[in-house]
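[1] need a structure here:
(2 chains)
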Amino acid sequence: MKDGLSRKGEAMSYGCKDGLIELVLHRTPCNEIGSKSLDELEAFSDALQGLIEPAHGLIIYSDLKCGFCAGADLRELYERSQSLRKEEALEGVRVFLERIHRVLNVIDGVPFTTIAAVHGVVFGGGFELALTCDLIIADKTSRFAFPELRLGLIPGFGGIPRLKRDIGNAVVRDLLLTGRSFNTTKAQQVGLVSQVVAEGEAVRAACATAAQLAKFDRHAAARAKQFIKPIPHEELKQEIDIFCELFARPAVQSGLKKFVESTDAQPYLP
Amino acid sequence: MLTAEKTLEEILNLAAAHFKVPREKLSPDDDFFKTLGIDSLQALDLLTKLENHFHVELPDYELQGVSDFRTLASKIQVRL
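    Numbers count the residues shown, from 1 in each chain, chains lettered A, B, ... in the order given. So this is what the prediction gives:
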């Protein structure tokens, strides 16, 4: 792939223009990450390898009004696990997690600056995708949460190790153990968000930031990033093991069933 | 500090403006999910607007089961 080429998928599209790569999420209802999204993320990850030379930055954002991403596709997860034997379902979950970890590790480690430009819902897997980026620029409508405990699970796409890398353990515990969501002001106070902008302005601010970063020496910027942002490989592996251990418990299936079948006005609340 | 009545009034005004519903159609004891015609994601949007407006934090779990403006106002009032 050369500078200037693009690809439009069902769940997301990407393109590279003047050295800036844009990954745009657009799977309704709110960019839930299931097998289709994973396939397309893998295609994007493969394409990224060919963009390392021409690119100086990557921006990830959502085209949908509801927000950046509501997390994993729980409906698909539940339906697949119902159609398989327990061992097969568990193996399928592990394979899915290993695949998405590979993709997110590629995005995390690319030798140029990455920015998540977020708005609205930044929950679960969506939060984890944003955490792979070097900077998070959020508009004032953004909310960040890890609601996985309500299902008897932990975040499975690398969220805890990456959050621990970025902010204090007490804040990680607050997000993880209460499942509550942080607004943008709170997220900036705890050091999660680098810039807060007015509603609808996150992508513009991200582009302006990327333009500034393009002025710096590429090699020096890449070395600085490599030095300050190591990928926590060991903890990421542990996370997959813990997730799979928890997923095997019957409580998770009943939690997923309850969520999928809920007509509650606030099904995201524990 | 705002009085409880003033807090409630500001919530009603804010909800009406944000969701483009005539203010006179909203009452303190209305079920805001029904009156505003909003789903859970839009309720989160309202929560963000309220937190930003009143400069408070409202943990999601405190709002579990809350669906009327008056109770919502009482949750905000204790954090002002």
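[2] Pretty sure residue A:210 sits in a helix.
    Yes. Secondary structure of residue A:210 (DSSP: H, G, I helix; E, B strand; the rest coil): part of a helix.
[3] how about the nearest residue to it, chain neighbours excluded?
    Spatial nearest neighbour of residue A:210, excluding adjacent residues (Cβ to Cβ, 6 or more residues apart in numbering or on different chains): residue A:57 at 3.9 Å. Any C-beta I mention is one placed from the backbone N, CA and C, and that applies to glycine too.
[4] What's the separation between the one you found and residue A:134?
    Using Cβ to Cβ, to the nearest Å, residue A:57 is found at 9 Å from residue A:134.
[5] what do you get for residue B:20?
    As defined by Cβ to Cβ, residue B:20 lies at a distance of 38 Å from residue A:134.
[6] cool, and residue B:56?
    Taking Cβ to Cβ, one finds residue B:56 at 31 Å from residue A:134.
[7] do residue A:238 as well
    Residue A:238 is 24 Å from residue A:134, by Cβ to Cβ.
[8] next one: residue A:121
    Relative to residue A:134, and taking Cβ to Cβ, residue A:121 is found at 22 Å.
[9] between those two, which one's more packed in?
    Neighbours were counted for residue A:121 and for residue A:134 using other Cβ atoms under 10 Å in any protein chain shown; residue A:121 has more, 29 against 19.
[10] Contacts only, for the closest residue to chain B within the stretch 101-250 of chain A.
    Nearest residue of the stretch 101-250 of chain A to chain B (Cβ to the nearest Cβ) works out as residue A:180 at 4.4 Å. For residue A:180, the contacting residues are A:145, A:174, B:59-61, by Cβ atoms under 8 Å, 6 or more residues apart in numbering or on different chains.
[11] what's the answer for residue A:61, then?
    A:22-25, A:68, A:116-118, A:202-203, A:206.
[12] How about residue A:118?
    A:61-62, A:67-68, A:130, A:136-139, A:142, A:202.
[13] which SS class is the closest residue in space to it that isn't next to it in sequence?
    Closest residue in space to residue A:118, ignoring its immediate chain neighbours: residue A:68 at 4.1 Å, by Cβ to Cβ, 6+ apart. Classification of residue A:68 by three-state DSSP places it in strand.
[14] and residue A:68, how many neighbours does it have?
    Residues lying near residue A:68 (other Cβ under 10 Å) number 30.
[15] doesn't residue A:116 make contact with it?
    Yes. Counting by Cβ atoms under 8 Å, residue A:116 is a contact partner of residue A:68 at 7.2 Å.
[16] Name the residues contacting each of the two.
    Counting by Cβ under 8 Å, 6+ apart, the contacts common to residue A:68 and residue A:116 are A:61, A:129-130.
[17] Need those in TSV (columns: distance to residue B:79 and pLDDT).
    Below are the shared contacts of residue A:68 and residue A:116 laid out as TSV (distance: Cβ to Cβ, whole Å; pLDDT from 0 to 100):
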residue	distance to residue B:79	pLDDT
A:61	32	98
A:129	31	98
A:130	27	98
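[18] and these, which of them are in strands?
    Members of the shared contacts of residue A:68 and residue A:116 lying in strands (criterion: DSSP state E): residue A:61.
[19] For residue A:74, state which of the shared contacts of residue A:68 and residue A:116 is nearest.
    residue A:129 (15.9 Å; Cβ to Cβ).
[20] Tell me who's in contact with the closest one.
    Residues counted as contacts of residue A:129 (Cβ under 8 Å, 6+ apart) are A:33, A:60, A:68-69, A:104, A:107, A:116, A:157.
[21] which regions of the chain lie under the pLDDT threshold?
    Using chain A here. Flagging of chain A using pLDDT under 70 yields the residue ranges A:1-5, A:263-270.
[22] now the helices for it?
    Secondary structure of chain A (DSSP state H): helices at A:35-51, A:74-83, A:86-109, A:125-131, A:159-166, A:169-178, A:184-189, A:202-213, A:218-228, A:233-247, A:250-261.
[23] what's the most buried one of these?
    For these, the largest average neighbour count (mean count of other Cβ atoms under 10 Å in any protein chain shown) is found in helix A:125-131, namely a mean of 28.
[24] With respect to residue A:221, which of the contacts of residue A:180 is nearest?
    The closest of the contacts of residue A:180, once distances to residue A:221 are taken by Cβ to Cβ, is residue A:145, at 31.3 Å.
[25] which SSE is the most centrally placed residue in chain B in?
    Residue closest to the average C-alpha location in chain B (Cα atoms, centre = their mean): residue B:11, at 4.8 Å. Applying DSSP states H and E as the criterion places residue B:11 in helix B:4-18.
[26] what about the nearest residue to residue A:249 once chain neighbours are set aside, how many neighbours?
    Closest residue to residue A:249 apart from its sequence neighbours, by Cβ to Cβ, 6+ apart: residue A:152 at 6.3 Å. Each residue near residue A:152 was counted by other Cβ under 10 Å, and the total is 16.
[27] Great, nothing more from me.
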